[in-house]
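Visitor: Return a 3D structure for these sequence lines:
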Amino acid sequence: AEVWPTRATAEAIADAAEGVDHYEGADSIVCLTCGSGEDDELMLLCDGDGCEAAYHLLCVSPPLSAIPRGDWLCAHCCGG
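Guide: Numbers count the residues shown, from 1 in each chain. Predicted coordinates for the structure are as follows:
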């Protein structure tokens, strides 16, 4: 099942890439696709310069079964 970004998700990605932290002071990271902070051990964190985007493995398209080795970039940071 593909996950299509919503307008709110696209805005959150752009804000994350610009270093805007909507969750300042929050105890957990929140997925930009589903909005949940649960299962943070299954969360991908973008390694882009200053980007704070986070996604669950199953919330990216295509979904991933494991956290990839090395750097991982969100769609905004990798130009996709």
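Visitor: What's the local residue count around Leu64?
Guide: The criterion is other Cβ atoms under 10 Å. On that basis, Leu64 has 16 neighbouring residues. The way it works is simple: take the backbone N, C-alpha and C, and place the C-beta from them, glycine included.
Visitor: how far away is the nearest residue to it once chain neighbours are set aside from Gly50?
Guide: Nearest residue to Leu64, sequence neighbours excluded (Cβ to Cβ, 6 or more residues apart in numbering): Leu57, at 4.5 Å. In this structure, Leu57 and Gly50 are separated by 23 Å, where distance is defined by Cβ to Cβ, to the nearest Å.
Visitor: okay, those two: which has more neighbours?
Guide: Leu57 (17 against 11).
Visitor: that older thread, so what's the residue nearest to Leu64 up against?
Guide: Leu42, Met43, Leu44, Pro63, Leu64, Ser65, Ala66, Ile67 (Cβ atoms under 8 Å, 6 or more residues apart in numbering).
Visitor: Okay, the first one and Cys77: tell me how far apart.
Guide: Read it as Leu42. The gap separating Leu42 from Cys77 is 20 Å, by Cβ to Cβ.
Visitor: Which of these two has more residues huddled nearby?
Guide: Looking at Leu42 and Cys77 with other Cβ under 10 Å, you find the greater number of neighbours at Cys77, namely 19 against 15.
Visitor: ok, the more buried one touching Cys51?
Guide: Yes. With contact defined as Cβ atoms under 8 Å, Cys77 counts as touching Cys51 (5.3 Å).
Visitor: Just to be careful, could you list which of the contacts of Leu57 are in strands?
Guide: Met43, Leu44 (DSSP state E).
Visitor: Pull stretch 33-53 out as CSV, backbone CA atoms only.
Guide: Backbone C-alpha positions of stretch 33-53 (Å, rounded to 0.1, in the frame of the first residue of the first chain) are rendered in CSV as follows:
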residue,chain,number,x,y,z
THR,A,33,3.0,10.8,7.7
CYS,A,34,0.7,9.4,10.4
GLY,A,35,1.3,11.8,13.2
SER,A,36,2.0,9.1,15.8
GLY,A,37,4.9,9.1,18.2
GLU,A,38,4.4,5.4,19.0
ASP,A,39,6.9,2.7,18.0
ASP,A,40,9.7,5.2,18.0
GLU,A,41,12.2,2.3,17.6
LEU,A,42,10.7,1.8,14.1
MET,A,43,11.2,5.4,13.2
LEU,A,44,13.5,6.6,10.4
LEU,A,45,15.2,9.9,11.0
CYS,A,46,16.4,11.9,8.0
ASP,A,47,20.1,12.5,7.9
GLY,A,48,19.7,15.6,5.7
ASP,A,49,21.5,18.8,6.8
GLY,A,50,19.3,20.4,9.5
CYS,A,51,16.3,18.2,8.6
GLU,A,52,14.3,16.8,11.5
ALA,A,53,11.8,14.7,9.4
